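Chemist: Any chance you can model this:
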Amino acid sequence: MIEMTLAQVAQAAEGYLATRGHENVRARAVVRDNREVTPGAIFAAIKGARVDGAKFAGPALQAGAAAVLTTDPECATASGADPRRLIVVEDVPAALGKLARENLRLARAANPQLRVVAVTGSVGKTTTKDLLARILVSRGEVVAPPGSLNNEIGLPLTVLRVDENTATLVAEMGADRIGNISYLCSIAPPDVAVVLAVARAHLGVFGGIENVARAKSELVSNLRPGGTAVLNCDDPRVATMASLAPGKVWRFSAAGNSEADFVAENVRLDENDRAHFRLRGPAGYGSQDVKLGLVGAHQVSNALAAAAGAYALGLAGEEIAAGLAAPAASPHRMDVQWRSGGKYLVIDDSYNANPDSMRAGIAALGRIGTGRRKIAVLGAMLELGEASAAEHRALAAPLAAAGVDYLLTVGAETTPLAESARTHGITVVEAANASGAQAELAGMLRAGDAVLLKGSHSSGVWQIANSFAEDSASGSNENNAAGAGQASDSAVTSSKERERC
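Modeler: Take a look at the predicted model:
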């Protein structure tokens, strides 16, 4: 964060200091968890579904917070803390957006070479964001969100990590209604906009796939003057967004589309289901052999998107190919690990789910699980509206094609899938919730099994993934982050935020 006085913070956030006396105290960071407070940080007291962050104002101030951003001017007094260090606003998330907007303005003024690349799409956002962040370190300091901080709280908190030393901000932008992405772009207007796909996600909220496309197109229409759009020309709805771009358009294709500037040729999968291919770019880019560090054939498209986005910011093909080979998976996203002391091969893709990502995960299980018993633990795909039953039933055929031996479904919404899978000869066990599924799975597993864990976050399948991680003899705990609730952090660990598409 660019250092500001509390008076400047209050002005940017359109709030006021509760009392006079600390106007010139300087702030250097913003956090949403009182346990992360360091001297000079502002604690954003967000009211969540279960816990009001204002209750933690006192502990935050006692830990050295420069101030608390809150809607409650009495929250510090109740705990005996100094009430002069309260910045009172009408709405904390909205105030974070305003403060983040000002922070980015100051950072751009201090460093005119700072660039913002933003990623959206119904699938692949977080993976592509992670790929870009790893590639772009060769350009200088990169700020990118951990996990999927892609909404009106997570995006501002990411932007507030930007300072005068930042070379690139890699932002992830999600939506659950039209207008979300335009709002996020008003905070962090992108120089490069990457649109991955328009898929059948959150149809019940958006009211149809055309509205999903309209929401995603907001990223392109909000590019800065002369900005570059990076578009998937394998998706017709994304390809048509080229007409909205104010500047250059780079197109990518994992299917060999002749109109694409970035194409994957000679794609092949190794024994670990990692893709190897020849990446051919536009004139001046050349071509390179790429060995992806990620699992699944569907990652090729994400890699091409990241390559095009990095090229738009001036990186060379050799730097891009090296970055694509390096990354490991983010928690709960196609993370393939031997678990429980090497007894079970677990594909953890449990962060979220929609019909397209379900099919990709099932296909990966089919390939990785060759020669093993294959078990799919599938939670519900939420917010599909009237299409929900049909979309769940339609997964039975891919499961059968992948040679899945056992299907363990989680939640009542998966009943149509269970019924359809039985007609395909798959052994099915139904569980009402994640804890029940975990108990069923424990009695089902044998050494050497390959297990896919996937479902919308609210299904709780990630809890099963965490139990595998905790039980792993390797001591790895990389997957424990996504489900860990924070005492003062409930506003941003709700299922609604996690389900943004």
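Chemist: CA only for contacts and neighbour counts going forward, please
Modeler: OK.
Chemist: and the closest residue in space to residue 326 that isn't next to it in sequence, what element?
Modeler: Distances taken as Cα to Cα, 6 or more residues apart in numbering put residue 293 closest to residue 326, at 5.7 Å, once the chain neighbours are dropped. Using DSSP states H and E, the element containing residue 293 is strand 287-295.
Chemist: which helices and strands sit right next to that strand?
Modeler: strand 274-280, helix 317-325 (3 or more Cα pairs under 8 Å, 6 or more residues apart in numbering; DSSP states H and E).
Chemist: orientation of the very next helix or strand once past the last one relative to strand 287-295 in degrees?
Modeler: For helix 317-325, the succeeding helix or strand toward the C-terminus, using DSSP H and E, is strand 335-339. In this structure, strand 335-339 runs at an angle of 50 degrees to strand 287-295, with axes from the mean of the first three to the mean of the last three Cα atoms, to 10 degrees as the basis.
Chemist: any idea of the mean pLDDT for strand 335-339?
Modeler: Confidence for strand 335-339, expressed as mean pLDDT, is 89.
Chemist: then that strand to CSV, C-alphas only?
Modeler: What follows is strand 335-339, C-alpha atoms only, in CSV (Å, rounded to 0.1, in the frame of the first residue of the first chain):
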residue,chain,number,x,y,z
ASP,A,335,-3.9,-30.7,-7.2
VAL,A,336,-2.7,-34.2,-7.7
GLN,A,337,-0.9,-35.8,-4.7
TRP,A,338,-0.3,-39.2,-3.2
ARG,A,339,-2.0,-39.0,0.2
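Chemist: relative to strand 274-280, how tilted is the helix or strand just after the strand holding residue 293?
Modeler: Sequence-wise, the next helix or strand downstream of strand 287-295 (DSSP H and E) is helix 299-312. Interaxial angle of helix 299-312 relative to strand 274-280 (the same axes, to 10 degrees): 40 degrees.
Chemist: now the helices: where do they sit in the stretch 101-250 of the chain?
Modeler: 125-135, 154-159, 180-187, 203-206, 209-221, 236-239 (DSSP state H, counting those that start in this stretch).
Chemist: Mind checking those for the one nearest to residue 411?
Modeler: helix 203-206 (18.1 Å; Cα to Cα).
Chemist: per-residue confidence averaged over the closest one?
Modeler: Mean predicted lDDT for helix 203-206 stands at 66.
Chemist: Touching, residue 339 and residue 468? I think so.
Modeler: Yes. With contact defined as Cα atoms under 8 Å, residue 339 and residue 468 form a contacting pair (6.1 Å).
Chemist: Name the residues that touch stretch 169-184?
Modeler: If you take Cα atoms under 8 Å, 6 or more residues apart in numbering as the criterion, stretch 169-184 is touched by 114-121, 125-126, 129, 132-133, 142-145, 148-152, 155, 158-159, 162, 202, 205-206, 211-212, 214-216, 218-219, 222, 500-501.
Chemist: Same question for that stretch: list its buried residues.
Modeler: 169-178, 180-184 (16 or more other Cα atoms under 10 Å).
Chemist: before we move on, the earlier item: now the helices of the stretch 101-250 of the chain as TSV including distance to residue 369?
Modeler: Compiled in TSV, these are given as follows (distance: least, Cα to Cα, whole Å):
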stretch	distance to residue 369
helix 125-135	23
helix 154-159	36
helix 180-187	38
helix 203-206	32
helix 209-221	33
helix 236-239	33
